[in-house]
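fold the stuff below for me.
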Amino acid sequence: MAALHDAPLETLFLPLAGGKLRWPDGPVLFLRARDGWPLRETAGGRALVCEQSFRPFAEALQRSGWTVRSEEEVGNDATRYALVLVLPPRQREEARALFARAVALAAPGGVVLACQSNNEGARSGESDLQQLAGLGGKMTKNHCRAYWTAPLDGGHDEGLSKRWAALDAPRPILDGRFHSRPGVFAWDRIDPASALLVEQLPADLAGHGADLGAGYGYLSAEVLARCPKVTALDLYEAEDRALALARRNLQATGSAATLRYHWHDVTAGIEGRYDFVVSNPPFHTPSRADRPDIGQRFIAVAAQALRPGGRLFMVANRHLPYEQILNDSFGEVRVAAERDGFKVIVGTRGRGGVRA
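Just a heads-up that it's a prediction; the model follows:
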């Protein structure tokens, strides 16, 4: 699911390819790693640990033979790295926390090398890394900015590093009803599209359901609160950081329903037969590529996973091209509500199954 041309990934490796930095003899860590030819061309055959919480990107890295570890696994390992590569996210608190982790995980004399596109916070990222640890160099190309520290000798601002490391820690939101953290979709609020969908959920939903793209668990929590006849609910979420929050948030509800949590790329298909599905599907990836085909695939997967007569309740931006796949996949389709540029769609699977 990575973009065909991943400009930040390509630019990240230019200082190494051009001789401004050298690939070290010691271990190398890649935070928010993505696969692609620049990684394979520069690091092929070298020892590299990749950290990636977004399932499609993690699977792509694994298919190419890279070692992929979770944030918890990297944190529990005492290894310190001669080079830490970083593709920082757009959300600034999350990015600052990632810089703090990168510096803490660097070995004495190690270097942190980061890259962002210009329209995704590159200047802010460069300024933040400079403030935290100082800069050893920078370069711009492909509408991106790569920047790196001088060899680290422990002279960075330790107090600032500790404060930044806590910036994306899970915290209570919405008067303590949920826990969330920066970087998760709509992390500190109820997404208005999801709120509109919740208003259309019928209280008679029953049986075994699924939430496709569950985020920190808002939709699932509302299903359990509003629909007492729901006996089981499966949450599918590609971002592991969000799924951990959903698990925490739903356990706090005390629901008697059976809950299952799947770190999974919905576009790859899902197993199971469900009485209903709820979804606020994504339409871009963490690399910010615009991908309406992801939502289209969510719709097709939902239709395949529903029992005959089962219903999909989904919300989407009004302009997204979903009508054809909805009409192809469901026996009955209706728009239940529209507001603020969003629409809630209810699709009922025909008794004869999914249309060809």
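
only C-alpha atoms, please: export the helix or strand where residue 147 lies in CSV.
Per DSSP states H and E, residue 147 falls inside strand 144-148. Output of strand 144-148 as CSV, limited to C-alpha atoms (Å, rounded to 0.1, in the frame of the first residue of the first chain):
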residue,chain,number,x,y,z
CYS,A,144,11.6,16.9,0.8
ARG,A,145,14.1,17.7,3.4
ALA,A,146,16.6,15.3,4.9
TYR,A,147,18.4,16.4,8.1
TRP,A,148,20.6,14.7,10.6
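
which helices and strands does it pack with?
Packing contacts for strand 144-148, counted by 3 or more Cβ pairs under 8 Å, 6 or more residues apart in numbering; DSSP states H and E, involve helix 7-12, helix 14-17, strand 106-117, helix 122-133, strand 137-141. Heads up, the C-betas are built off the backbone N, CA and C, glycines and all.

residues making contact with it?
By Cβ atoms under 8 Å, 6 or more residues apart in numbering, the surrounding residues in contact with strand 144-148 are 7-8, 10-12, 14-15, 21, 111-118, 122-123, 125-126, 129-130, 135-140.

start and end of stretch 87-95, how far apart?
Stretch 87-95 has its terminal residues 9 Å apart, counting by Cα to Cα, to the nearest Å.

which outside residues touch it?
Contacts of stretch 87-95 (Cβ under 8 Å, 6+ apart): 8-9, 12, 31-34, 98-99, 114-116, 120-121, 124-125, 128, 167-168, 181-183, 187, 286, 288.

mark which of those are buried, thanks.
8-9, 12, 31-34, 98-99, 114-116, 120-121, 125, 128, 167-168, 181-183, 187, 286 (16 or more other Cβ atoms under 10 Å).

for residue 255, which residues are in contact?
Each residue near residue 255 by Cβ under 8 Å, 6+ apart is listed here: residue 224.

for it, grab phi and psi.
Residue 255 adopts backbone torsions of phi -70, psi 150, taken as degrees, to the nearest 10.

begin at 5 from now on, thanks
I'll keep to 5 as the first residue from here, and by that count the last item is residue 259.

distance of it from residue 249?
In this view, residue 259 and residue 249 are 16 Å apart by Cβ to Cβ, to the nearest Å.

grab the nearest non-local neighbour of residue 59.
Nearest non-adjacent residue to residue 59, counting by Cβ to Cβ, 6 or more residues apart in numbering: residue 242, 4.3 Å away.

run a quick neighbour tally on the one you found.
By the criterion of other Cβ atoms under 10 Å, residue 242 has 28 neighbours.

again, but for the one 3 residues further on
By the criterion of other Cβ under 10 Å, residue 245 has 21 neighbours.

part of a helix, is it?
Yes: Residue 245 forms part of a helix when assessed by DSSP: H, G, I helix; E, B strand; the rest coil.
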